[in-house]
Structure formats: structure tokens, C-alpha cells
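A.B. asks: Sequence and predicted structure below; questions after.
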Amino acid sequence: MANSGNHIIAKPQHHDEHAHEEHHDQEELRFMGFWFFLITDCIMFATLFATYVVLSGSFAGGPTGAELFEMPGVIAETFILLTSSFTSGLAVLAMNKGDRKGLIGWLIVTVLLGATFLTLEISEFVTLVHEGATISTSAFWSSFYTLVGTHGLHVSIGLVWMIAIMIQLGRHGINSVTRRKVKVVSLYWHFLDVVWIFVFTIVYMLEVI
Amino acid sequence: MAQHQAHDSHGAHDAHEAHGSLKSYVIGFILSLVLTAIPLIIVLNDMLEGTAATVVLLGFAILQFVVQLVYFMHLKEEGKPRYNLMVLILGLIIVLTIVAGSIWIMTFNKVA
């Protein structure tokens, strides 16, 4: 009873809040939708991993992974991506404090680390090709380039995406829409780091052991 | 009063929204570094080989996966109903079926 009385008195206020809540819910729903996409992306990576493992002995008389993999570069890539995953989290923390400069700063650090990762990966691919391991050398190398290359493509998309969000942040500042976008891109980035941990373990470490 | 209360509950909601503190990110980062360093030491010093190595290395990767889910992706802080967790479990079942099923079937292919 008292409740309904309050409702009538505070109607405009409630209306506003309702609209705000609805908008808020929609952003939450979009965030959840992205999580669902990540799970499907995870399943796609699973098929590539399964292919890689099944073909892991099929060198067709060509070079093996153990012969050609250069671990120092790969180890550097791993720690760089791990650090960038951490800095993308720091970006979200800065955002939650309403610190736009901090947010953009940490996003820049994340993008630079991501770009370094990508540079190392591309130079690794170039070296491998020079040593005679191209995508058509054997089933093993086909599956290797498909799996690692798909991850690299995801990282490239993430870099372009983060730069686009930084431009939007510069224009519109932190609001409910840009807030959701930063959270989504940060989640995406954490996901890429997790996939890389499995690439690092299954493709590189188990191959050279 | 009602307004105040509404404001308060909104504030609490925001605090929940703001999930993740510096502490949780730092803990997650340190744990990830350690969980990456240990398998590396094992591999570079040839401390394990064969099936044991595979199991241990995969174990560390899965542990790191869990650490990042909890400390970076804040899966534990999700409100009920926990749709994100449910979808994740469904996804993992599919992932496991694809990977284990492929490997299992193809080992028969190798024998033949």
C-alpha cells in the first residue's frame, strides 16, 4: 500500500530511473551476447586444435616443428601477451574510476604490446618460410599456420578494434555505451590470452619437449 | 526517503558493476606469470617426458585458464541466474567432445 503511494508521488523520478535501468539492461544483454560469441569462437579454436593434434606427426618427410621452432621468441610473445591482458584489465579499472586519461593510456599500452606480439609472430613466420616450412609443406605445417594464424588474425582485429574505441572515447568520453565497449574489448583480449596459453602449451612446448 | 533508497541501491549496483579491483588483477597477473614460468622451467630443463609431460603441461594450462576466468574475466562475480557460466560449461563440453573425439578416432586410423 505504502509502496503504491510512493509510486504516484515519485512518478517522474521512477520513470527516469526505469528508462535508465532499461538502457542499462540492454548494455548488459549486449555484453552477455558477446560472451556467447566468445564461447562459439572457443569451439572454433577447439576444431583447429583438434586438427593440429591429429596431424601433429604428419611431416611428409619435411622439417618438423621441433627442428624449426625458436623458443626464445615464442616465450617473449607469451609474456608480452600476458602483460597486455593485465594492462587491458587496468584500463577497465581506470574507466571504473572515471579516469579517461588513464583508460586511454592503458589501452595504448595494450595496443603497443599487442603490436609487438604480432611483429614477433610475423617475423617468426617469415623465418619459418625461409627455412622451408610453408603452409603447403606438409599437413603438420598447414594445421600449424591455420591455428596460429587464426589466433594472430584475432589479435590484429583486436588492435584495430581498440584503436577505434580510443577514437570514440576521445569524442564521446565515458558513457554507458563506451563503457560497455571497453568492457567487451577487454574481455575479448583476455580470451585471446587464454587461447594463446593453449597454443603455447600444445603447439610449442609439447612439440619441443 | 524512497529516492534516497533508490539511489543507494543504484550505487550498490554500480559497485557490483565495477567488478574487479586492482588487487584481483595483480593476483591474477602474478599467478599467470608463475603458472607460465613453471612449465617453461620443466620443458627447458627436460625434467619430464612422454605422457607425464603432456599431462603436467596441460594441467598448468588449464589452471591458468581458471585463474584468468576468475581474476581477469570475473566469472565468479556474475549475478544469478548464471547464464555466462552455463554457456561456458556447454561450450567446454562441446570443446572436449570435438578434441577428445577427434584424437580418439584418429588413433584408430593410425593403427589401421
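C.D. replies: Great, that's in hand. Just so it is clear, the model here is predicted, and its values are computed rather than measured.
A.B. asks: what are the ranges of the helices in chain B?
C.D. replies: B:2-17, B:22-44, B:50-67, B:83-111 (DSSP state H).
A.B. asks: Return the set of buried residues in the longest one.
C.D. replies: Buried positions in helix B:83-111, judged by neighbour count with 16 or more other CB atoms under 10 Å in any protein chain shown: B:84, B:87-88, B:91, B:94-95, B:98-99, B:102. Where C-beta positions appear, they are placed from N, C-alpha and C, glycine not excepted.
A.B. asks: Stretch B:66-84 now?
C.D. replies: B:67-75, B:84.
A.B. asks: Export only the CA atoms of that stretch, formatted as PDB.
C.D. replies: Output of stretch B:66-84 as PDB, limited to C-alpha atoms (Å, rounded to 0.1, in the frame of the first residue of the first chain):
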ATOM      1  CA  VAL B  66      40.800 -21.000 -14.500                       C
ATOM      2  CA  VAL B  67      42.900 -18.200 -13.000                       C
ATOM      3  CA  GLN B  68      42.200 -15.900 -15.900                       C
ATOM      4  CA  LEU B  69      38.400 -16.700 -15.800                       C
ATOM      5  CA  VAL B  70      38.300 -15.800 -12.100                       C
ATOM      6  CA  TYR B  71      40.700 -12.900 -11.700                       C
ATOM      7  CA  PHE B  72      40.500 -11.300 -15.200                       C
ATOM      8  CA  MET B  73      37.100 -12.200 -16.500                       C
ATOM      9  CA  HIS B  74      35.300 -12.100 -13.100                       C
ATOM     10  CA  LEU B  75      33.200 -15.200 -13.800                       C
ATOM     11  CA  LYS B  76      32.600 -15.700 -10.000                       C
ATOM     12  CA  GLU B  77      31.100 -12.300  -9.600                       C
ATOM     13  CA  GLU B  78      28.300 -12.900 -12.100                       C
ATOM     14  CA  GLY B  79      24.700 -12.400 -10.700                       C
ATOM     15  CA  LYS B  80      22.100 -15.100 -10.700                       C
ATOM     16  CA  PRO B  81      21.000 -16.800 -12.900                       C
ATOM     17  CA  ARG B  82      24.500 -17.500 -14.100                       C
ATOM     18  CA  TYR B  83      23.900 -17.700 -17.800                       C
ATOM     19  CA  ASN B  84      27.600 -17.000 -18.600                       C
END
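A.B. asks: who's in contact with it?
C.D. replies: A:32, A:35, A:85-86, A:89, A:187, A:190-191, A:193-194, A:197, B:16, B:19-20, B:24-25, B:27-29, B:31-32, B:35, B:85, B:88 (CB atoms under 8 Å, 6 or more residues apart in numbering or on different chains).
A.B. asks: that older thread, what I need now is the buried residues of stretch B:66-84 written out in CSV, including pLDDT for each item.
C.D. replies: Shown next, in CSV, are those (pLDDT from 0 to 100):
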residue, pLDDT
B:67, 94
B:68, 92
B:69, 92
B:70, 92
B:71, 91
B:72, 91
B:73, 90
B:74, 87
B:75, 85
B:84, 90
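A.B. asks: Show me the shaky parts of chain B.
C.D. replies: Across chain B, the ranges flagged by pLDDT under 70 are B:1-19, B:110-112.
A.B. asks: care to break it down by domain?
C.D. replies: B:2-74, B:78-112 (automatic domain parsing).
A.B. asks: I'd like those domains written out as TSV, with distance to residue A:103 added.
C.D. replies: Converted to TSV, these look like this (distance: least, CB to CB, whole Å):
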stretch	distance to residue A:103
domain B:2-74	13
domain B:78-112	23
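A.B. asks: To residue A:136, which of the ones you listed lies closest?
C.D. replies: domain B:78-112 (21.4 Å; CB to CB).
A.B. asks: Which helix runs longest in chain A?
C.D. replies: Longest helix in chain A, counting by DSSP H: helix A:11-54.
A.B. asks: Just checking, which helix or strand succeeds that one along the chain?
C.D. replies: helix A:65-68 (DSSP states H and E).
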